[in-house]
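S.K.: Got a predicted structure here, sequence first:
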Amino acid sequence: MNSSESPSQSSNFHFYLPKKAFKMSAGPLIVDIIVAFILAAGLLYRYGNWQRHHFLVTLAVLISWYFSLLIVFVLPLDVSSTVYRQCVQSSESNSSSPHENSTTPCAEPWSSVPDNVYPNLWRIVYWTSQCLTWLVMPLMQSYAKAGEFTFRGKLKSAILDNAIYYGSYIFLCFLLLVYITFKPGLQLDGQKLKAIASSASNTWGLFLLVILLGYALVEIPRNLWLFGQRGYALHHAYFRAAKLNFDKSEAEETLDDVLESVQSVRNIIHPNDPLYPHLETIVEKIPPPIWQRLKNRHRVCDDGLDSPHSQGPCQITQAEWYWRCWMHPIVLKTAAIISAVLSTAVVWSEVTFFNKKPVLSIFAILVNLAKPNYDYFTIELLSTVIIAYLCLCAFATVLKIRVLNYYYLAPHHLTDEHSLVFSGMMLSRLTPPMCLNFLGLIHMDSHVIKSQLMETHYTQVMGHMDVISIISDGFNVYFPIAMLALCLATYFSVGSRILSVVGFPQFLGDDEVTTDLIDEGKKLIGCEKLRKQKTEESAERRREYLKRFDRSSNQDNRGSSNTSTVVDDSPSTNLLTAAEPIDWYHKPQFDVSASDEYQSSRIVNPPRNIFDDV
């Protein structure tokens, strides 16, 4: 028990605190818990599909995302609580000295809670996240991609897959433990084993953090500034439309091959065959076409960029024009300037936070300035801004990363279970090292500044920003160098140029492939605009003609309405009556029991020359 703890904190007396005082102090913590859950649930709703995905997969991903965001929201409160406990400890040590007389008491933070709240919270978050990311979610990932049809078969395949994967790691760890055991002068116990495991996990997380931050600290401000320029977003939309059109063509070819394979199997397997239920399971998983989503995204076209009163198929309101062409670029450029300042401060602090005297880390200087005045709100606000920006850079890169087009988070509920589980594992493994790195930036990790000080509750549970002993000697040298190298590589678009050379087109302003794709995308969007305009004009003419026909029919039938209803069965009436649903003609849907072929559910135009016999 820490020396700063009061006697009531060593027993259960804290449960009898006045309810009013507890509500006042626990309010920020409760708000952070609720906001983190709402944000995690909103992100999962955007990317996942709880109606199609397995309930356990959705629950595991929600918990992993929620706990990762919870650390980000609650850690600033732990920092302010630690500053208060450090002040109390310093006051007690000064009052015990006969030559020191401390008359100024330490002000308690406005968000203070009993000292056992944060340790218990961090233990729940830490061990749940570790269990999910190393045991449960890898099993779910293998279960999701297993090709078996039964629960037992999928589970068996997942266990076998993970046994092979983690068996090699266990074997290497066993050899390492044997080496450490027989090494002279070293004794192992539970705490040392935990420290070794924590160091190995932090090494992996910090290596990943360097890559993600080195990319995002430069790319986010640059993208905000470029998208604030007039015409850049439009060219990027053209480029993306051309790429998606190419991906669509490849996906359609692959889909056709798969459907032909399934159809050939259907010709062999009959309803009485024992494999027929498995065939039905495959057929039910065939999704509807989603190409229409791309066409609906590009509402902004170059017709509306010059004037709010421009005419065309992409007409926008005057308020929308002023927002998109005047206010929106200003907002983006302002955000770009703010993010550039934060990125510069983060890079400088990452390079210099190992230096204790003098303190060169910008964030450590700001926190130290707020400590003597007991300005806990400023400390929490500053900590929230820093860790939120680090979280934005790291998490945004994880959410948009595409690993060989296999792990990819697609919005509009189109992400598969495999990619969701992968993102949950990444966030759970990345968040603890990122928060330890943040504590190092503000000099609240004793292992970084090499001095004794009261630790945060987070550090007491999660450990320190330590790495394995093999690379720990020069870590404070190559960590800043790696961060600077990746930032420079991102600034000069080295990775994008390499990917473009090897066959993965990237949006580069001075690249010939980019120019060709922009032109192709412009043609695609232009064709879609013309098609949409013709469709709207045709529908408008049809509505006007039917309105005139209904008016004339009502006038003809007005005289006979009191006696009887005259049914007009003339060919012209039947033809006009049947004219309405022609634009909505559908190919028949696929029916397993009645059809021998797969039929597309896409909307198609009616056959030409349909009225030649009239």
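M.R.: Sure thing, it's come through. Numbering: from 1, shown residues only.

S.K.: Which pLDDT value goes with Asn368?
M.R.: Looking at Asn368, its pLDDT stands at 87.

S.K.: Then Ile471?
M.R.: 57.

S.K.: Tabulate the CA atom coordinates of stretch 30-49 in CSV.
M.R.: What follows is stretch 30-49, C-alpha atoms only, in CSV (Å, rounded to 0.1, in the frame of the first residue of the first chain):
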residue,chain,number,x,y,z
ILE,A,30,-19.0,8.0,-15.6
VAL,A,31,-19.3,10.3,-18.5
ASP,A,32,-16.0,9.0,-20.0
ILE,A,33,-17.2,5.4,-19.7
ILE,A,34,-20.5,6.2,-21.4
VAL,A,35,-18.9,8.3,-24.2
ALA,A,36,-16.3,5.6,-24.9
PHE,A,37,-19.1,2.9,-25.2
ILE,A,38,-21.2,5.1,-27.5
LEU,A,39,-18.2,5.8,-29.8
ALA,A,40,-17.2,2.2,-29.9
ALA,A,41,-20.8,1.1,-30.6
GLY,A,42,-21.1,3.7,-33.3
LEU,A,43,-17.9,2.6,-35.1
LEU,A,44,-19.0,-1.0,-34.9
TYR,A,45,-22.4,-0.1,-36.3
ARG,A,46,-20.7,1.7,-39.2
TYR,A,47,-18.3,-1.1,-40.2
GLY,A,48,-20.0,-4.2,-38.9
ASN,A,49,-23.3,-6.0,-39.6
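
S.K.: Distance from it to the middle of the chain?
M.R.: Its chain's C-alpha centre and that of stretch 30-49 lie 11 Å apart, by CA atoms, centre = their mean, to the nearest Å.

S.K.: Could you tell me which residues within it count as buried?
M.R.: Within stretch 30-49, the residues that count as buried by 16 or more other CB atoms under 10 Å are 32-33, 36-37, 39-40, 43-44, 47-49. (C-beta placed from N, C-alpha, C; glycine too.)

S.K.: where exactly do the helices run in the stretch 301-450 of the chain?
M.R.: Counting by DSSP state H, counting those that start in this stretch, residue ranges of the helices within the stretch 301-450 of the chain are 318-322, 328-352, 362-370, 376-400, 417-441, 446-449.

S.K.: Next, the angle from the fourth one to helix 417-441.
M.R.: Inter-element angle recorded for helix 376-400 and helix 417-441: 150 degrees (by axes from the mean of the first three to the mean of the last three CA atoms, to 10 degrees).

S.K.: buried set for helix 376-400?
M.R.: Buried residues in helix 376-400, counted by 16+ other CB under 10 Å: 376, 378-380, 382-384, 386-387, 389-391, 393-395, 397-399.

S.K.: name the helices or strands packed onto it?
M.R.: Under the contact criterion of 3 or more CB pairs under 8 Å, 6 or more residues apart in numbering; DSSP states H and E, helix 376-400 touches helix 55-96, helix 190-227, helix 328-352, helix 362-370, helix 417-441.

S.K.: any weak-confidence spans in the stretch 201-350 of the chain?
M.R.: Across the stretch 201-350 of the chain, the ranges flagged by pLDDT under 70 are 283-316.

S.K.: hmm, try it at 90
M.R.: Scanning the stretch 201-350 of the chain with the threshold set as pLDDT under 90 gives 201-333, 349-350.
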